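Student: below are the sequence and a predicted model; questions follow.
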Amino acid sequence: MSQPVATPDRRVRLDFRAHDELGHAGQPVRSDLSTVAAEGRCLWVANDELATVERLLRQDDGSYAGHQIVHLAALFDLPEGADGEMDIEGLHVADGYLWVVGSHSLTRDKPKPDENDAAAALAELTDVDHHPNRHFLGRIALVESAGAPGVLEAREADGERRSACLKMTTKGGALAKALADDVHIGRFMGVPAKENGFDIEGIAAHGDRLFLGLRGPVLRGWALLLEVEVKERKKGRLKLRKIGQGGARYLKRFLDLGGLGIRELAFDGDALLILAGPTMDLDGPVVLYRWPDALAAGAQAVVPADRLEQVLRLPYGRGEDHAEGICWLPGAHADRKELLVVYDSPAAGRLHDGTAIEADVFRLGARPGRRRVAG
């Protein structure tokens, strides 16, 4: 039998700057939070409509405020520039870097709710768009502020560490090029997101190993997780290593998540937490899984349901409150850990004062001998 839907143990307030103060956002940042990562006093979040990462700082009362903006176009040469949508769907802090990944997905227009013209509606459904900025995969160098322990600043370079990304052009990116002829994935590269098309929605980093969770495609109920390794080729440029069979620059993992796709990733020691939800444009279900010893997986892994632990069934609303991002909150007690969950299309009850939103916190029991990795 499946678990009952979990109830949050508490909520945490995230307070952003007022929308009219932000020149980079067409709507409030809090309205479409897609991913979250934590390290020190910092909480890094992204809105999937923007080409920015937002940094908040933990306050004395446990809330997060002090909103600062990291413009990725100031650090990287983006094909569509600062105004092009990146659809950032994954953040992860590791080894002094903030890793960032875009969805790499296509989009299809949808008819307007009040559309009465059948021809116009069909034209909208025929329009499939390519967004070059969505092919971003890279890392931002972080440096601790002088005299402010736990406060990290984004930098283009910090000594030997430099911000860098995979090559991307107006035609696409290095990862999409590597996957174009894959027997399982290639045919889905031309299918839009939310239609079982190729769609990255999570990243977890361990050294130069990157785990990328795919919302789609889901193949006969099996979700896909990619692993890649990167090396710094020259200043500002990362390159995919050849790690797979026949010189492939990726490895594939197939996981039985009950027909759901992957929506976010976070490490739990050597295990991987997997936030799973529908690949199509549906509300739920939303389930948190744990894959033990994910770091020790073989070259091409098929992971059946009995090798995965179901940790939580998360709440979701009808047309609102879609769980999109997870991370461990720093400073949890040894006997319990706290998992922060942020939501896209937030319910009205989460919104406060025109700038703030409440995220959920779930307390999970600690596992002896496991090393917690911030995600």
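Tutor: In hand now; what should we look at?
Student: which residues touch the lowest-mean-pLDDT helix or strand in the chain?
Tutor: Using mean pLDDT, DSSP states H and E, helix 118-126 stands out as the lowest-scoring helix or strand of the chain, at a mean of 83. By Cβ atoms under 8 Å, 6 or more residues apart in numbering, the residues outside helix 118-126 that reach it are 108, 109, 110, 111, 112, 115. No exception for glycine: its C-beta is placed from N, CA and C like everyone else's.
Student: wait, what's in contact with the first one?
Tutor: With contacts defined as Cβ under 8 Å, 6+ apart, residue 108 is in contact with 125, 127, 128, 129, 192, 195.
Student: circling back: Provide a PyMOL selection command restricted to the buried entries of the contacts of helix 118-126.
Tutor: Selecting only the buried entries of these in PyMOL, with 16 or more other Cβ atoms under 10 Å as the criterion:
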select buried, resi 108
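Student: circling back to that earlier point, for the least confident helix or strand of the chain, buried residues please.
Tutor: Buried residues in helix 118-126 (16+ other Cβ under 10 Å): none.
Student: next: stretch 340-347.
Tutor: 340, 341, 342, 343, 344, 346, 347.
Student: also stretch 210-224?
Tutor: 210, 211, 212, 213, 214, 215, 216, 217, 218, 222, 223, 224.
Student: again with stretch 57-69
Tutor: Per 16+ other Cβ under 10 Å, stretch 57-69 contains these buried residues: 57, 58, 63, 64, 65, 67, 69.
Student: which single one of those residues is nearest to residue 147?
Tutor: Of all the buried residues of stretch 57-69, the one with the least separation from residue 147 (Cβ to Cβ) is residue 57, at 14.1 Å.
Student: could I get the pLDDT score of that closest one?
Tutor: Note for residue 57: predicted pLDDT of 98.
Student: distance of residue 38 relative to residue 28?
Tutor: To residue 28, residue 38 is 22 Å away according to Cβ to Cβ, to the nearest Å.
Student: okay, those two: which has more neighbours?
Tutor: residue 38 (23 against 19; other Cβ atoms under 10 Å).
Student: three-state assignment of the more buried one?
Tutor: strand (DSSP: H, G, I helix; E, B strand; the rest coil).
Student: surely it meets residue 330?
Tutor: Yes. Between residue 38 and residue 330 a contact is recorded at 5.7 Å, counting by Cβ atoms under 8 Å.
Student: returning to what we had before: quick one, which of the contacts of residue 108 are buried?
Tutor: Applying 16+ other Cβ under 10 Å to those flags 192, 195 as buried.
Student: tell me which element the residue nearest the centre of the chain falls in.
Tutor: Centroid check for the chain by Cα atoms, centre = their mean gives residue 90 as the closest residue, at 2.1 Å. Per DSSP states H and E: residue 90 is located in strand 88-94.
Student: any idea how far the next helix or strand after that strand is from the chain center?
Tutor: Counting by DSSP H and E, the element after strand 88-94 in chain order, helix or strand, is strand 97-102. Relative to its parent chain, strand 97-102 has a centroid offset of 9 Å by Cα atoms, centre = their mean, to the nearest Å.
Student: buried ones in strand 97-102, by neighbour count?
Tutor: Quick answer for strand 97-102 (16+ other Cβ under 10 Å): 97, 98, 99, 100, 101, 102.
Student: what lines up beside that strand in the sheet?
Tutor: strand 88-94 (antiparallel), strand 137-144 (antiparallel) (DSSP bridges).
Student: winner for burial among the ones you listed?
Tutor: strand 88-94 (a mean of 27; mean count of other Cβ atoms under 10 Å).
Student: can I get that strand as CSV, trimmed to CA atoms?
Tutor: Written as CSV, here are the backbone C-alpha positions of strand 88-94 (Å, rounded to 0.1, in the frame of the first residue of the first chain):
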residue,chain,number,x,y,z
ILE,A,88,16.5,26.9,-15.0
GLU,A,89,15.3,23.7,-13.5
GLY,A,90,18.2,22.6,-11.4
LEU,A,91,20.6,24.1,-8.8
HIS,A,92,23.2,22.4,-6.7
VAL,A,93,26.1,23.7,-4.5
ALA,A,94,29.3,21.5,-4.3
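Student: tell me, how many residues neighbour residue 80?
Tutor: By the criterion of other Cβ under 10 Å, residue 80 has 16 neighbours.
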